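Engineer: sequence and predicted model, in that order:
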Amino acid sequence: MIMRGFMSFVRKETLHILRDPRTMLIVLLMPVIQVLLFGFAMSTEVTDVRVAVVAPHRTEGVRQAVRRIAANPCFTLRGYVDGTQIDAVLRSGEADAVAVFAADYDRRMNALELGEAAGEAVQLVFDASNTNTASAGAGYLQSVLTADVRSGPLPETRLLYNPQMKSSYNFVPGIMGMIFMLICAMMTSVSIVREKETGTMEVLLVSPVRPLRIVAAKMVPYFLLSCFNLATIPLLARCVLEVPLSGNLAGIACLSLLYLLLALAFGLLISTFADKQATALLISGMLLLMPVVMLSGLAFPIENMPRILRVVSCAVPTRWYIEAVRKLMIEGLPFAAVMKEVAILAAMTAVLTAAAIRKFNDKLE
Amino acid sequence: MNDPILSVRELSKKFGGFTAVDRISFDVARGEIFGFLGANGAGKTTAMRMLCGLSYPTSGSGTVAGCDVMRESERIKRRIGYMSQRFSLYDDLTVLENIRLYGGIYGLSRRRILRRAVEILRRLDFRSESRTLVGALPLGWKQKLAFSVATLHRPELVFLDEPTGGVDPITRRQFWELIYEAAAGGTTVFVTTHYMDEAEYCSRVSVMVDGRIRALGTPAALKKQYAVATMDEVFRTLARGAKRSE
């Protein structure tokens, strides 16, 4: 009898979702659009940096270095320019960067190879009006130029796991963190509040089905849809954006399931505060989505935030989820490496669930 | 009254310092159509919520369908039917899907749900609409369907909270035929309404004023008691003395 009531509910919720084109659009199409949007349009990665070269003497060493730049798919060689034209080339937008080789480039490089002191062999001048491409491009260009310098005072920077600083690598965990919050927390809270608004909730409460079961039944379809997205987002990232899916897929799945539960508890909690669908939307938008986008490391690196915001970001569950998924998905670390994040997320889930259930029961009376 | 289906004594509900329902006592006999009248703000809805097991009385005692209102609200819910003033079916589900949902909620087997569904569709002459979305039905049809769904599990007692609000007189008349039918079949009907012509159809009515029950009896007895010709006048006479209003 109990299971039958529960399953009737799950069926009803599924029908609600299937019959509402807007819900379907949000739940199924939005993740795809987000992945593609973040992956292509909003990328901060190094692509097509146009490099001009200033070289007083085109020695063999200089030519080799220039050939390396030309051969790299991320850089387009804009040819040699005169030392006086650096500013003009950058201002006119003909180039994004200028590599200035020293007149005695070969000698300095040799000295560096031997570990002796010498001035800079190459100076990189970047158009930093777009700070992202500038800093990322400078780093990458430097690593290309110094590829064969093994020692010396040049600090050798090696970018592991994501050497081209492809941003889509980082966006994929971020998008997953956001989408699951959106579907599980926002959609469930709105769907619970909708029943309050239309008055059907009252009829359900008079029925013998326990209130918490009604809510649990509401969550099931959203949970399943999120699982579907959990499978498709990484797949899409792999096939379209060529993000390497190294590492522990089972670990990522476990972590994500925990995160889904957390988001569902969040949704239930929000629904107890709102009496109108619009209110539920507003609360989830302001309280949930904004911190998730701003403070989780999805769009802005946490390390660059002022201390206060860094502290606040610790309270944003998505931050821990994204960090953990990055470790598993991109760095390919074993599950043991994310135990700290798992513990934090589990604790948050427990607290949120307890609070949501308590508030929900209080509200009924 | 022998073996009343609903019996409450001194039932009260307080919200902080405000007494919404003030020591009400009354019985409802089996098979009766009991009209529960009162102006907005008189405490009708609060009283009804307590009787349905939705909220706990602050004090008092009573039984509904054989269950204690203080301790057995979950058992009460299984034994009663309920239809709210606001529309209680899902617009984006079909007629049949709504019937199946409520059948499932009350734990009926698939076969029983199907049998009841056929009965309802035949009774309401809805056979060609079984796969129509409820949202596309006229309001009067929806209300009749909502009543049938509320009594799907054959409860001993059904609560109707202003079931005919906003419905035209002809459909209201048809709706009351359904109520009579259910009562004739042994279901007790507890109904709130603002239409005094409907009050005339009830076996007995009670009138709530300021959280208390001011009058209780058959429509004929009440009219005689207040020496007026219609229930409307009875209601006006009583409601005039009200201090609270919404």
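Structural biologist: Perfect, I can see it now.

Engineer: tell me how far stretch B:195-208 lies from the chain's centre.
Structural biologist: A distance of 12 Å separates the centroid of the chain from that of stretch B:195-208, by C-alpha atoms, centre = their mean, to the nearest Å.

Engineer: pLDDT below threshold where in the chain?
Structural biologist: All of this refers to chain A. Within chain A, the stretches with pLDDT under 70 are A:1-2, A:41-47, A:131-133, A:147-169, A:246-247, A:364-365.

Engineer: chain B was what I was after
Structural biologist: Judged by pLDDT under 70, the stretches of chain B that qualify are B:1, B:245-246.

Engineer: give me the three-state assignment for the residue nearest to B:Ala42 when sequence neighbours are not counted.
Structural biologist: Of all residues not flanking B:Ala42 in the chain, B:Met208 sits nearest, at 4.3 Å (C-beta to C-beta, 6 or more residues apart in numbering or on different chains). C-beta here means a position set from N, CA and C on the backbone, and glycine is covered the same way. Following DSSP: H, G, I helix; E, B strand; the rest coil, we place B:Met208 in the strand state.

Engineer: ditto for the one 5 residues further on
Structural biologist: In terms of secondary structure, B:Ile213 is strand; the call rests on three-state DSSP.

Engineer: on that earlier part again, what pairs with the residue nearest to B:Ala42 across the strands?
Structural biologist: Taking DSSP bridges as the rule, B:Met208 bridges to B:Gly38, B:Ile213.

Engineer: now B:Lys13
Structural biologist: B:Val21.

Engineer: and the residue nearest to B:Ala42, what does it touch?
Structural biologist: B:Ile24, B:Phe36, B:Leu37, B:Gly38, B:Ala42, B:Gly43, B:Lys44, B:Ala47, B:Arg214 (C-beta atoms under 8 Å, 6 or more residues apart in numbering or on different chains).

Engineer: burial measure for the last one, as a count.
Structural biologist: Under the neighbour criterion other C-beta atoms under 10 Å in any protein chain shown, B:Arg214 is assigned a count of 17.

Engineer: hang on, it packs against B:Leu238?
Structural biologist: Yes: look at B:Arg214 against B:Leu238 with C-beta atoms under 8 Å: they come within range, at 5.2 Å.

Engineer: okay, and the common contacts of these two?
Structural biologist: With C-beta under 8 Å, 6+ apart, B:Arg214 and B:Leu238 have common neighbours B:Val207.

Engineer: and the strands in chain B, which stretches?
Structural biologist: Assignment of strands within chain B using DSSP state E yields the ranges B:6-15, B:18-28, B:33-38, B:59-64, B:67-68, B:80-83, B:157-161, B:188-192, B:204-209, B:212-217.

Engineer: would JSON lines of these with distance to A:Ile17 be doable?
Structural biologist: Putting those into JSON lines (distance: least, C-beta to C-beta, whole Å) gives the following:
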{"stretch": "strand B:6-15", "distance to A:Ile17": "37"}
{"stretch": "strand B:18-28", "distance to A:Ile17": "38"}
{"stretch": "strand B:33-38", "distance to A:Ile17": "38"}
{"stretch": "strand B:59-64", "distance to A:Ile17": "36"}
{"stretch": "strand B:67-68", "distance to A:Ile17": "36"}
{"stretch": "strand B:80-83", "distance to A:Ile17": "26"}
{"stretch": "strand B:157-161", "distance to A:Ile17": "29"}
{"stretch": "strand B:188-192", "distance to A:Ile17": "35"}
{"stretch": "strand B:204-209", "distance to A:Ile17": "42"}
{"stretch": "strand B:212-217", "distance to A:Ile17": "46"}
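
Engineer: nearest to A:Leu28, out of the ones you listed?
Structural biologist: strand B:80-83 (35.8 Å; C-beta to C-beta).

Engineer: got a list of contacts for the closest one?
Structural biologist: With C-beta under 8 Å, 6+ apart, strand B:80-83 has contacts from A:203, A:206-207, B:52-53, B:64-65, B:88, B:146-147, B:149-153, B:155-161, B:163, B:187.

Engineer: that strand pairs with which strands?
Structural biologist: Here, using DSSP bridges, strand B:80-83 pairs with strand B:157-161 (parallel).

Engineer: how about the strand it pairs with as PDB, C-alpha atoms only?
Structural biologist: Below are the C-alpha coordinates for strand B:157-161, written out as PDB (Å, rounded to 0.1, in the frame of the first residue of the first chain):
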ATOM      1  CA  LEU B 157     -17.100  10.500   5.700                       C
ATOM      2  CA  VAL B 158     -16.200  13.100   3.100                       C
ATOM      3  CA  PHE B 159     -15.300  16.700   3.800                       C
ATOM      4  CA  LEU B 160     -16.200  19.300   1.100                       C
ATOM      5  CA  ASP B 161     -14.700  22.700   1.500                       C
END
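
Engineer: and that strand with strand B:18-28, angle?
Structural biologist: Here strand B:157-161 runs at an angle of 140 degrees relative to strand B:18-28 (axes from the mean of the first three to the mean of the last three C-alpha atoms, to 10 degrees).

Engineer: give me the angle between strand B:157-161 and strand B:33-38.
Structural biologist: 30 degrees.

Engineer: how many residues are close by the residue of the stretch 51-200 of chain A found nearest chain B?
Structural biologist: Relative to chain B, the nearest point of the stretch 51-200 of chain A is A:Gly199 (3.2 Å; C-beta to the nearest C-beta). For A:Gly199, the neighbour count with other C-beta under 10 Å is 13.

Engineer: residues contacting the nearest residue to it once chain neighbours are set aside?
Structural biologist: Once flanking residues are discounted, A:Gly199 sits nearest to B:Arg86: 3.2 Å by C-beta to C-beta, 6+ apart. B:Arg86 makes contact with A:Thr198, A:Gly199, A:Glu202, according to C-beta under 8 Å, 6+ apart.

Engineer: now do A:Ala134
Structural biologist: Counting by C-beta under 8 Å, 6+ apart, the residues that A:Ala134 touches are A:Asp96, A:Ala97, A:Phe126, A:Asp127, A:Ala128.

Engineer: likewise for A:Lys327?
Structural biologist: Contact analysis of A:Lys327 by C-beta under 8 Å, 6+ apart lists A:Leu333, A:Ala337, A:Val338, A:Glu341.

Engineer: over to A:Gly119: give its phi and psi.
Structural biologist: phi -70, psi 180 (degrees, to the nearest 10).

Engineer: that one and A:Arg107 touch, don't they?
Structural biologist: No: assessed by C-beta under 8 Å, A:Gly119 is found out of contact with A:Arg107, at 10.2 Å.
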